[in-house]
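[1] Can you look at this prediction? I've put the sequence above it.
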Amino acid sequence: MPEARARLGRWVRRGVRSVLGALAAIGLAFTNLPLFAASVVAFALAPVPFLGLALAPWTMTLVRMRADLERRRASRTGVLVTRPYHPPPERAVAGGWQRFRWTVTDPATWRDLAWLLPGAIVGFTLGTIAVVVPLYGLAGLTLTPSWIWLHTGWYGYGAVWSIDSFGESLLCVPQGAVILAAGLWAAPWLRRVDALFARLFLAPTKTAELRLRVTQLTLTRADTVDAQAAELRRIERDLHDGVQARLVSLNMVIGLADARIDRNPAEAHKLLAEARESSGAALVELRHLVRGIHPPVLAERGLGGAVRALALSLPVPITIDIDLPGRPDTPVESAAYFAVAEALTNMIRHSRAHTGSVSVRHANGTLTMVVTDDGAGGANPAAGTGLQGIQRRLAAFDGTMALSSPPGGPTVITMELPCALSSPRTTPFSATD
C-alpha cells in the first residue's frame, strides 16, 4: 500500500507539473507573434545603413532566447534539443557587419524564425487541451456544478452532461474524477508531442551536428592535453617535494652512519634506525602517489570494488548500489572511478552532508553513475574546479555530467560514459557502508 500510494503521488505530481507547463506554453505562444513581426520588420530594414545592421542581430538575439527557453522546456519532457548556433566571430561588435553576417548566414536563424508561428499554434492548441480537460474534471469533482445549481438554478456544463436537478448535479463527482484522471494522464503526452514538434525546427541539422561534434572534439582534446599536463606537473611536484626530499635525507643519514660506524657504533645504529624509518615513510608516499595515478584496488577489483573501498574510507556513511556485469576498458574505468572519487570528495568538503549514496549501472551502452547526498545543496560548477574537473575528465570520453543541487539540498550528480563492458569480472552487490 505505501508503495502504491507513492506511485500514485508521483503520477499526480507529474500530471500537475505537465498541466502547469502547458499553461506556460499557452502564455509563451503569445510571445512568438510579436517576435515574428519584429523579425520581419528588422530584416526588411536591413538595407538601411547602420539601423539594419544593428536591428536584425538584436531581434534575433531575442528570438534565440525564446528558442533556447523552448529547448530547455523540451528537455524537461525527456526530449533533448541541442543548441545548434555557430560560435560568434572574434571581435564582432554590435551593429557591425561581422555580427550581422554571422546572424543571417546561420541556418539555425531561419529555422528559429520558421518555428515561431507554427510553434505558437501547436503550443497554444495542445496547451489548451492539456489545461482545460483536467480543470473541467476538477470542477465536477469539487461539486462546482452543485454549487452553481444551488445558487443560480442553472448549470452550463451540458456539453458533457445535462442537469435538471440537484441530485443529478451530484453525479458530476464520479464523472469529474474520470475526466480529471484522463486529463492528468494525457497532459505529459501532450507536452511531449509539443516538444517533439519543436525539435523538428529547433534541433541542429546533420551538418550542424557534425560541426558541433568537431567543435566539441577540439575543445575536449585541448582540455585533455591541459589536464594531462597538469597531472604530470602534480606528479613531478609530489616526487620533488615528497619522495625526492626523503631520499636525499635518507642518503645523508646513511652517509653519517657510515662515517661513524667505526668510531661510535651505537650512534651509527641509531642513525641506521632513523634511515629505516625514513625509507618506510618514502615508501608510503610512493604508494599514495601510485594510488593517485591508478589505484591498485581498481586494477585488482574493478570499478565496483574500488568505489566500495573508497566509500569505506570516508567519514560519512555511503550507500553503495553497483551492478556491473563486466568491466569497461581501463581508461574509461579509471575516468569513472576518479569522477566518483571527486564527487565524493566535494561532498565531504563542501556539502555538510550526513549521508550519501553511489549508484553505478550499465545499460544500453552507457555507464551511469549517480552520486547523491543530503547536504546543504547550492553546488555550482563555476564556483570551483572540482565539478569542472569531473566535466573535463568525462568529456574526454564523450561523457556528460548533470547537476541538480537546489539550496537546501539534496545534491544529485549524474555522470554518464558511453562504453562497452568486457567479460564479467566483477560481482554485483548492493549494500550500505
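    Noted; the coordinates are in hand. Computed from a predicted model, the values in this text were never measured in an experiment.
[2] Determine the longest helix present in this structure.
    In the chain, taking DSSP state H as the definition, the longest helix is helix 2-44.
[3] next SSE after that helix?
    helix 51-76 (DSSP states H and E).
[4] what angle do that next one and helix 2-44 make?
    Orientation check (axes from the mean of the first three to the mean of the last three Cα atoms, to 10 degrees): helix 51-76 against helix 2-44 gives 170 degrees.
[5] now for helix 51-76, which elements pack on it?
    If you count contacts as 3 or more Cβ pairs under 8 Å, 6 or more residues apart in numbering; DSSP states H and E, helix 51-76 packs onto helix 2-44, helix 97-104, helix 107-141, helix 172-202. Placement of C-beta: from N, CA and C, glycine included.
[6] same for the third one, what does it pack against?
    Going back to what we said before, that points to helix 107-141. Using 3+ Cβ pairs under 8 Å, 6+ apart, helix 107-141 sits against helix 2-44, helix 51-76, helix 172-202, helix 206-238.
[7] Adding mean neighbour count and mean pLDDT, write those helices out as TSV.
    TSV is the format used below for the helices and strands packed on helix 107-141 (neighbours: other Cβ atoms under 10 Å; pLDDT from 0 to 100):
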stretch	mean neighbour count	mean pLDDT
helix 2-44	15	88
helix 51-76	18	87
helix 172-202	19	89
helix 206-238	12	65
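[8] on that earlier part again, any idea which of the helices and strands packed on helix 51-76 gets closest to residue 257?
    helix 2-44 (70.8 Å; Cβ to Cβ).
[9] That closest one - contacts with which helices or strands?
    Right, helix 2-44 is packed against helix 51-76, helix 107-141, helix 172-202 by 3+ Cβ pairs under 8 Å, 6+ apart.
[10] now what about stretch 106-121, what contacts it?
    29-30, 32-33, 35-36, 39, 60, 63-64, 66-67, 70, 84-86, 103, 197-198, 201-202, 204-205, 207-208 (Cβ atoms under 8 Å, 6 or more residues apart in numbering).
[11] 6 Å instead?
    29, 32, 35-36, 39, 60, 63, 67, 84-86, 103, 198, 201-202 (Cβ atoms under 6 Å, 6 or more residues apart in numbering).
[12] of those, closest to residue 310?
    The closest of the contacts of stretch 106-121, once distances to residue 310 are taken by Cβ to Cβ, is residue 84, at 39.5 Å.
[13] Helix, strand, or coil at the closest one?
    With DSSP: H, G, I helix; E, B strand; the rest coil as the basis, residue 84 sits in coil.
[14] how about it, phi and psi?
    Backbone geometry at residue 84, expressed as degrees, to the nearest 10, gives phi -100, psi 10.
[15] can you pull the pLDDT of it?
    pLDDT for residue 84: 82.
[16] Residue 249 now?
    pLDDT, residue 249: 74.
[17] before we move on, which element is it in?
    Residue 249 belongs to helix 244-260, assigned by DSSP H and E.
[18] Can you show me the CA trace of that helix as PDB?
    Provided in PDB are the C-alpha atoms of helix 244-260 (Å, rounded to 0.1, in the frame of the first residue of the first chain):
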ATOM      1  CA  GLN A 244      62.900  13.000  -3.500                       C
ATOM      2  CA  ALA A 245      63.400  15.100  -0.400                       C
ATOM      3  CA  ARG A 246      63.100  12.000   1.800                       C
ATOM      4  CA  LEU A 247      65.500  10.000  -0.400                       C
ATOM      5  CA  VAL A 248      68.100  12.900  -0.200                       C
ATOM      6  CA  SER A 249      67.700  12.900   3.600                       C
ATOM      7  CA  LEU A 250      68.000   9.100   3.700                       C
ATOM      8  CA  ASN A 251      71.200   9.300   1.700                       C
ATOM      9  CA  MET A 252      72.700  11.900   4.100                       C
ATOM     10  CA  VAL A 253      71.700   9.800   7.200                       C
ATOM     11  CA  ILE A 254      73.300   6.700   5.700                       C
ATOM     12  CA  GLY A 255      76.400   8.700   4.900                       C
ATOM     13  CA  LEU A 256      76.700   9.900   8.500                       C
ATOM     14  CA  ALA A 257      76.100   6.300   9.800                       C
ATOM     15  CA  ASP A 258      78.900   5.000   7.500                       C
ATOM     16  CA  ALA A 259      81.300   7.700   8.800                       C
ATOM     17  CA  ARG A 260      80.700   6.900  12.500                       C
END
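[19] picking that back up, looking at the contacts of stretch 106-121, point me to the pair that's furthest apart.
    Every pair of these checked by Cβ to Cβ; the farthest is 29 and 86, at 27.7 Å.
[20] quick one on the thing from earlier: buried stuff in the helix holding residue 249?
    By 16 or more other Cβ atoms under 10 Å, the buried positions in helix 244-260 come out as 246, 250, 253-254, 256-257, 260.
[21] okay if I get the residues you listed as a markdown table plus distance to residue 8?
    Formatted as a markdown table, those follow (distance: Cβ to Cβ, whole Å):
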| residue | distance to residue 8 |
| --- | --- |
| 246 | 64 |
| 250 | 69 |
| 253 | 73 |
| 254 | 75 |
| 256 | 79 |
| 257 | 78 |
| 260 | 83 |
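[22] Out of those residues, the closest to residue 275 would be?
    Nearest to residue 275 among those: residue 253, at 4.4 Å, using Cβ to Cβ.
[23] who's in contact with stretch 30-42?
    55-56, 59, 63, 66, 113, 116-117, 120.
[24] Out of these, which is nearest to residue 134?
    Nearest to residue 134 among those is residue 120, at 22.3 Å by Cβ to Cβ.
[25] Now do stretch 347-360, average pLDDT.
    The model assigns stretch 347-360 a mean pLDDT of 85.
[26] Please spell out which residues along it are buried.
    Within stretch 347-360, the residues scored as buried using 16+ other Cβ under 10 Å are 347-348, 350-351, 353, 356-360.
[27] quick one, phi psi at residue 411?
    phi -100, psi 130.
[28] neighbours around the closest residue to it other than its chain neighbours, how many?
    Leaving aside its sequence neighbours, residue 411 sits nearest to residue 405 (Cβ to Cβ, 6 or more residues apart in numbering; 4.1 Å). Here the number of neighbours of residue 405 (other Cβ atoms under 10 Å) works out to 20.
[29] try residue 48
    Residue 48 has 11 nearby residues by other Cβ under 10 Å.
[30] same check, this time on residue 267
    13.
[31] After whichever strand or helix holds it, which helix or strand is next? Please name it.
    In this assignment (DSSP H and E), residue 267 forms part of helix 265-293. Counting by DSSP H and E, the element after helix 265-293 in chain order, helix or strand, is helix 296-312.
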